[in-house]
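Novice: Here is my input, please return the structure:
(2 chains)
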Amino acid sequence: MGEFSFPKSERLSKRNSIQELFNRGSSFYLYPFKVLILKNDEFANCHQVLFSVSKRNFKKAVDRNLIKRRMREAYRLNKVQLPESPKLQMAYIYTPKEILDFHTIQEKLKESIKRLHQYAEKS
RNA sequence: CGUGCAGGUUGUCUUAUCGCCCUGUUGGUAAACACCAGGGAGGAAAGUCCGGGCAACUUCAGGAAUCGUACCCCGAGAAUACCGGGGGGUCUGAUCGUAAUCAUCAGAUACAGAAAGUGCCACAGAAAUAAGUAGCCCCAACGUGUUGGGGUGAUAGUGAAAAGGCGGGGUAAGAGCCCACCGUGCCAGGGGUAACCCUCGGCAGCCAGGCAAACCUUACGAGUUGAAAGAUCAAAUAGGUCUCGCCCCUGUAACAACGGAUUACCCUGAUAAUUGUCGCAAGACAGGCGGGAUGGGUAGAUCGAUUGAUCCUUGGCGAUUAUGCCGGGGCAAGAUAAAUGGUAAGAAUCCUGACGGUAACCGGCAGGAUACAGAACCCGGCUUACAGACCUGCACAUUUU
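Specialist: Here you go, the predicted structure:
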């Protein structure tokens, strides 16, 4: 498996784990994202992530899809820099009301990964 | 040739690189995974405004209420929806021409009933669903131009609308009061599949505007919900239910009756004892132990779910047209916290700018733009959004003939 791949197992899709992440996860805000984090359970062998764009800010499905695709692509290309352990569950929530281009999204996501390192060291 | 409006068709392409979803082959016990091959958004996928399929619930039939639909024929269709073709009525405009219709062409049409009933209709006007304001005419009285009574819808005035129009007869003046013509309604005859149309046919003296997208009447139709529908899924544990066996070590419940105690009495409750429900026992009920069967919900997964109410493509034959019939080939997204993409470079088309040559125009350069919009069970229709290109029609302007 290539290091840039992004199979379904690395995505957060279980209803219960999403609920748990939103209820118990710690969070920080780094423009343009709000990030929720929670340690994955011990048996997990990879990080899991989900991306969210509010329907309130973007009424058209085309725009929401575009932003989610750019975020997913930026995560896919930079997830190598994530800490090895512990495995995390993350939610990236896109907050601004305008559509940002891919390169700014990528730079900001790299910054957020540094914050994730701090979180991993503390715990 | 330019600009604008309306309708229709179309809905940019290539390469590199890193990825995603589905299907298939191979490897792998199998899963995970790996390699290879193939496929992967729209004309509106949108709005969810109609109509279905499908599913669950309900379900004997009828009525009422509520909601919806409303000229005719044909085609298509599952359909009384919707769409298309043709036709009829009504209205509007243009053309020829006229006293005026008619005729031809174009456009619009939510086009059942206003003669079943109720209601509403500004302003003006005496009066608006019903009439005497002015005027005209007749009679009576006297003060001889006034008053009173009566007739009159022909004249004037008002209005969108004032008792069908016009001419003649008639009359005190008038009036379909009578007559001819025209109009209207009904009947008859004829034409047309029908809506409807025609008649130098008969009858009626005319029943009095508009609004039904006001109530209403007539005819026809409609159960409710919505794929978050709905169906299925192994093993184990606890508990429940059913059933079989054992234990009698434990208790006699429940119901009814009677007696006693307490209390002034009743109701109610408590305690103790006795008898009965079959009676000799067993059985019955409760409890305990063991075996068997059944087994709800949540989460998750699978199906529903992608081959259709002939969908796509292609050939032939038919119909004035809408479109039909026969044959060949094909299967072409199937996600589910939701794939179908991100990035970079280039091409194409269009716009803007200055520059070079120039009769129109051409050439390279720089910058910008490439819309609306993302399947969510499926299908038919409607509505709305839309850069640029192409086609058709209309309007305006310029040039040439």
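
Novice: Which helix runs longest in chain A?
Specialist: What stands out as the longest helix in chain A, according to DSSP state H, is helix A:102-122.

Novice: and that one, how far out from the chain's middle?
Specialist: Mean C-alpha position of helix A:102-122 versus that of the full chain (Cα atoms, centre = their mean, to the nearest Å) differs by 10 Å.

Novice: And stretch A:80-93, by the same measure?
Specialist: With Cα atoms, centre = their mean as the basis, stretch A:80-93 stands 8 Å off its chain's centre.

Novice: Quick check: chain neighbours aside, which residue is closest to A:Leu77?
Specialist: Spatial nearest neighbour of A:Leu77, chain neighbours left out: A:Phe4 (6.1 Å); criterion: Cβ to Cβ, 6 or more residues apart in numbering. No exception for glycine: its C-beta is placed from N, CA and C like everyone else's.
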